[in-house]
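Trainee: Fold the following, please.
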Amino acid sequence: KVLTSGESIMHGGQQPQKHYGITSSISMAFPREVDHQYTQKLSEAMKPFGVFEDEDELNHRLAVLGKLNTFVKEWIAEISETKNLPPSAITNVGGKIFTFGSYRLGVHTKGADIDALCVSPRHVERTDFFDSFFAKLKLHEEIKDLRAVEDAFVPVIKFKFDGIEIDLLFARLALQSIPDNLDLRGDSHLRNLDIRCIRSLNGCRVTDEILYLVPNKENFRLTLRAIKLWAKRRGIYSNMLGFLGGVSWAMLVARTCQLYPNAVAATLVHKFFLVFSKWEWPNPVLLKQCTNSTRNIWDEQNKYHLMPIITPAYPQQNSTYNVSTSTRTIMSEEFKYGLSVTDDILQGKTDWSKLFQPPNFFLKYKHYIVLTASASTEENQLEWIGLVESKIRVLVGNLERNEYITLAHVNPTSFPGNKESCSENEFVSMWFIGIIFKKVENAESVNIDLTYDIQSFTDTVYRQANNINMLKDGMKIEATHVKKKQLHQYLPVELVQRKKRSIVELNRNSNGGSSKRSSLDGSQLDSSRDSDSGTPFSSPSSVCKPSRPAASDTNDRTNQEQGLSIPVIGSSECPVSSPAGSTIPTVVGRSVVPCLDSSRDTTSPTEQNQNGATAAAKRPHSPTQDGSPKRIRDTADLVRRGNFMSESLGGVKAMPIPTIDTSRTQRLPSMELPDVTSPLPSSNHQRVVKNSIRLALNRHR
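Mentor: Model (predicted):
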């Protein structure tokens with residue numbers, strides 16, 4: 001028999017067996033009764049977190065989408081009439097709303113928005129969508145908070161329809177009419193389309209392709225719900241900040257389902273951690289083979305990407321270009337921790353609730369950078385924090401490249417400013433970045449200057465805000481270095497207080513009942529002693545310490561899994577090392593004045609990601625002797641009104657695109673990233689004050 005695609009010959013002359021994805025499966029084992037029981041317990045453990053909608057809420061969403069689809073058909077018929085189409089053509093012109101993202105995948109949570117796409121025939125222009133359709137929506141009383149971002153990377157109209165938030169994209173196909181049974185998966189639909197339509201279609205095409213490539217959609221959905229909840233609870237769910245976004249998590253879960261096509265959700269969650277705790281990055285995760293042309297492009301860019309996950313729909317792209325060495329290290333440790341917990345769960349040693357316990361970020365590190373964004377009004381603050389947050393990964397990248405910094409870990413959650421320290425007319429948001437400094441040999445103390453690292457970040461933010469006329473009076477950024485013991489000045493006491501361990505836990509540890517994990521989940525990573533004489537320092541030489549060996553698998557791992565070799569595409573001869581490398585010698589006693597010339601900041605976030613040498617190399621920082629202020633404050637006077645999108649809405653999240661409106665409050669045209677050679681705000685009314693931030697690290701013998 002001639003084998004069809006996706007089939008392979010089984011041993012012993014058995015019937016050919018179908019496999020999913022680019023390799024054969026690791027295990028075809030079917031679930032046992034105990035696996036179904038664990039899956040039921042997993043579902044129960046997720047319910048308190050609001051990950052499931054009830055039937056009334058689901059029906060409400062369907063009703064809203066039905067009304068929106070009717071609006072689209074009516075509008076396209078009206079537009080067709082104005083363009084003098086014959087009555088017979090107008091009757092059959094069609095038009096349709098497609099959904100994508102978490103709603104289309106079937107994993108949306110309570111209150112989540114809906115990503116949707118309006119597909120029109122060829123005679124309807126994009127300008128029609130943003131003019132006449134926008135006006136039609138504006139007249140409908142059930143639609144609130146209507147706003148449009150017409151010139152964004154992925155143009156969108158955003159609104160609330162009867163209480164449900166909707167992000168609506170637009171694409172016109174080269175068809176005379178749009179039938180109700182239209183399938184967007186075919187590549188032929190992309191012919192003769194402009195790039196904005198291709199980007200808009202990308203979200204739907206990627207989502208549909210993922211669902212098509214998984215063996216069992218229901219098992220995939222429940223597993224993805226669990227993994228997304230875990231990622232959010234563990235603080236690693238944010239494409240904008242350099243972790244993974246929804247589409248990337250979906251593809252990792254889909255690949256796990258391909259490798260274990262008959263497994264149920266409880267088993268798949270465990271296998272997810274097993275597979276990706278052992279994955280040899282930067283080998284890419286692929287759900288299907290790339291075309292030759294795409295593969296050539298991918299091979300050319302591969303060396304610049306640290307954790308590539310490739311979308312399955314043409315044009316195939318890397319959805320994780322924002323990942324940095326620090327965020328990859330953090331996620332890799334979380335995969336190992338998840339494997340350890342699920343091992344215990346499947347052995348009956350603990351329950352699923354432990355998997356969703358959040359770490360205490362504020363006990364992990366000895367040193368933190370507190371990044372503060374403030375504005376004089378609440379409306380200005382919403383605009384300002386969006387722009388600042390979209391650029392935080394630039395600051396993380398700057399810190400990573402400092403030769404004295406091993407890891408920079410940003411907490412995705414922002415916090416309001418302390419009311420006692422803020423003025424009445426000031427609105428403040430804070431982000432916290434945990435820092436691990438490299439252990440410096442043969443040096444009692446080292447003075448480290450972070451001025452350039454932070455100044456180039458603030459320059460990037462101010463430059464972009466200035467170029468899009470977004471700066472307003474009172475908007476400012478401040479970065480402060482603090483030690484762990486000082487966090488209580490910024491945060492509620494319950495967040496920074498170590499929980500007392502129970503007698504049972506203390507006894508277990510003293511009897512050797514459980515091993516102490518030296519990982520990113522424990523505060524012992526940065527184990528220097530606090531000292532009033534300076535900022536103490538004694539961090540480990542490696543961040544990625546191995547977690548304890550996984551316990552035996554109660555699901556009877558196949559022989560193929562023992563000493564698991566994960567099927568990947570690409571060579572593993574040159575694995576990327578973890579950020580924690582060998583110690584770097586330090587010169588003490590040299591006093592260097594940092595260069596604060598903004599022209600040194602010559603790469604945009606996109607360019608920094610694409611420039612492998614820039615992204616990978618540690619920038620030498622000569623230590624300074626001065627014990628100077630721990631704060632850097634950049635102030636700017638501001639100009640006009642603006643808004644911005646923090647992420648694009650396509651299948652692959654793109655660069656955040658700020659927007660500014662100078663005429664209509666409801667229409668928000670945007671600009672691409674400004675030319676980095678453009679000047680910083682400099683006039684009688686706009687001023688950036690440049691200070692320095694330096695700290696001393698003392699090594700205690």
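Trainee: Need phi/psi at the closest residue in space to Val269 that isn't next to it in sequence.
Mentor: In space, not counting the residues next to it along the chain, Val269 is nearest to Ala226; the distance is 5.1 Å by Cβ to Cβ, 6 or more residues apart in numbering. In short, each C-beta sits where N, CA and C put it, glycine included. For Ala226, the backbone dihedrals are phi -70, psi -40 (criterion: degrees, to the nearest 10).
Trainee: Same check on Gln289?
Mentor: Taking degrees, to the nearest 10 as the convention, Gln289 sits at phi -60, psi 140.
Trainee: Can you dump the C-alpha atoms of stretch 277-290 in CSV for me?
Mentor: Output of stretch 277-290 as CSV, limited to C-alpha atoms (Å, rounded to 0.1, in the frame of the first residue of the first chain):
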residue,chain,number,x,y,z
SER,A,277,11.4,21.4,30.1
LYS,A,278,13.7,19.3,27.8
TRP,A,279,13.3,21.2,24.5
GLU,A,280,16.6,22.3,23.0
TRP,A,281,16.0,25.9,22.2
PRO,A,282,16.5,27.6,19.7
ASN,A,283,15.2,24.6,17.7
PRO,A,284,11.9,25.9,16.5
VAL,A,285,8.5,24.5,17.4
LEU,A,286,6.6,23.7,14.2
LEU,A,287,3.1,22.3,13.8
LYS,A,288,3.6,21.6,10.1
GLN,A,289,6.4,21.7,7.6
CYS,A,290,7.4,25.1,6.3
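Trainee: For Tyr103, which three-state class applies?
Mentor: helix (DSSP: H, G, I helix; E, B strand; the rest coil).
Trainee: burial of the residue nearest to Val269, as a residue count?
Mentor: Neighbours of Ala226 under the rule other Cβ atoms under 10 Å: 26.
Trainee: What pLDDT is listed against it?
Mentor: Looking at Ala226, its pLDDT reads 98.
Trainee: Does it touch Glu44 like I think?
Mentor: No: counting by Cβ atoms under 8 Å, Ala226 stays clear of Glu44, with 11.8 Å between them.
Trainee: distance of the residue nearest to Val269 from Thr458?
Mentor: According to Cβ to Cβ, to the nearest Å, Ala226 and Thr458 sit 39 Å apart.
Trainee: where in the stretch 351-500 of the chain is pLDDT low?
Mentor: 419-425, 443, 499-500 (pLDDT under 70).
Trainee: residue ranges of the strands in it, please?
Mentor: For the stretch 351-500 of the chain, the strands defined by DSSP state E, counting those that start in this stretch cover 367-375, 405-410, 415-416, 427-437, 445-449, 476-483.
Trainee: quick one: the longest one to strand 367-375, angle?
Mentor: With axes from the mean of the first three to the mean of the last three Cα atoms, to 10 degrees as the criterion, the two stretches strand 427-437 and strand 367-375 enclose an angle of 160 degrees.
Trainee: Relative to strand 427-437, what are the paired strands and their orientations?
Mentor: strand 367-375 (antiparallel), strand 405-410 (antiparallel), strand 415-416 (antiparallel) (DSSP bridges).
Trainee: Any stretches of this structure with poor pLDDT?
Mentor: Judged by pLDDT under 70, the stretches of the chain that qualify are 1-19, 291-303, 419-425, 443, 499-693, 695-701.
Trainee: any idea how it splits into domains?
Mentor: 19-49+214-290+302-359, 53-210, 361-496+689-698 (the TED database).
Trainee: roughly how far apart are Gln37 and Gly397?
Mentor: 46 Å.
Trainee: between those two, which one's more packed in?
Mentor: Using other Cβ under 10 Å as the criterion, Gln37 and Gly397 rank with Gly397 on top: 24 against 13.
Trainee: Could you name the helices and strands sitting against the lengthiest helix in the chain?
Mentor: Ordering each helix of the chain by length in residues (DSSP state H) puts helix 55-82 first. Other helices and strands packing on helix 55-82, by 3 or more Cβ pairs under 8 Å, 6 or more residues apart in numbering; DSSP states H and E, are helix 87-91, strand 96-100, strand 114-120, helix 134-138, strand 156-161, strand 164-172.
Trainee: do that again at 10 Å, thanks
Mentor: helix 87-91, strand 96-100, strand 114-120, helix 126-128, helix 134-138, strand 143-149, strand 156-161, strand 164-172 (3 or more Cβ pairs under 10 Å, 6 or more residues apart in numbering; DSSP states H and E).
Trainee: wait, what's in contact with Ile385?
Mentor: Ala373, Ser374, Ala375, Ser414, Phe427, Val428, Ser429, Met430, Trp431, Met475, Ser646 (Cβ atoms under 10 Å, 6 or more residues apart in numbering).
Trainee: what is in contact with Ala226 and Glu44 at once?
Mentor: With Cβ under 10 Å, 6+ apart as the test, Ala226 and Glu44 both reach Trp352.
Trainee: Do I have it right that Ala116 meets Phe71?
Mentor: No: if you go by Cβ atoms under 10 Å, Ala116 and Phe71 don't touch, sitting 11.5 Å apart.
Trainee: tell me, what's touching those two both at once?
Mentor: With Cβ under 10 Å, 6+ apart, Ala116 and Phe71 have common neighbours Ile97, Phe161.
Trainee: Between the two, which is the more surrounded one?
Mentor: Between Ala116 and Phe71, Ala116 has the larger neighbour count (other Cβ under 10 Å), namely 26 against 19.
Trainee: So in terms of bridging, what pairs with that one?
Mentor: Bridge pairing for Ala116 (DSSP bridges) gives the partners Thr99, Leu168.
Trainee: what sits against it?
Mentor: 65, 68-69, 72, 97-101, 103-104, 156-157, 161, 166-169, 203-204, 649.
Trainee: go again using 6 Å as the cut-off
Mentor: Ile97, Thr99, Ile166, Leu168 (Cβ atoms under 6 Å, 6 or more residues apart in numbering).
Trainee: What count of nearby residues applies to the first one?
Mentor: Counted with other Cβ under 10 Å, the neighbours of Ile97 add up to 20.
Trainee: Please name the nearest non-neighbouring residue to it.
Mentor: Ile97 sits nearest to Asn69 (Cβ to Cβ, 6+ apart), 4.4 Å away.
Trainee: hmm, back to that, of all the strands of the stretch 351-500 of the chain, which one is nearest Met307?
Mentor: Among the strands of the stretch 351-500 of the chain, strand 405-410 comes nearest to Met307, with 15.3 Å by Cβ to Cβ.
Trainee: Quick one: work out the angle between the closest one and strand 445-449.
Mentor: Following the same axes, to 10 degrees, one obtains 50 degrees for the angle between strand 405-410 and strand 445-449.
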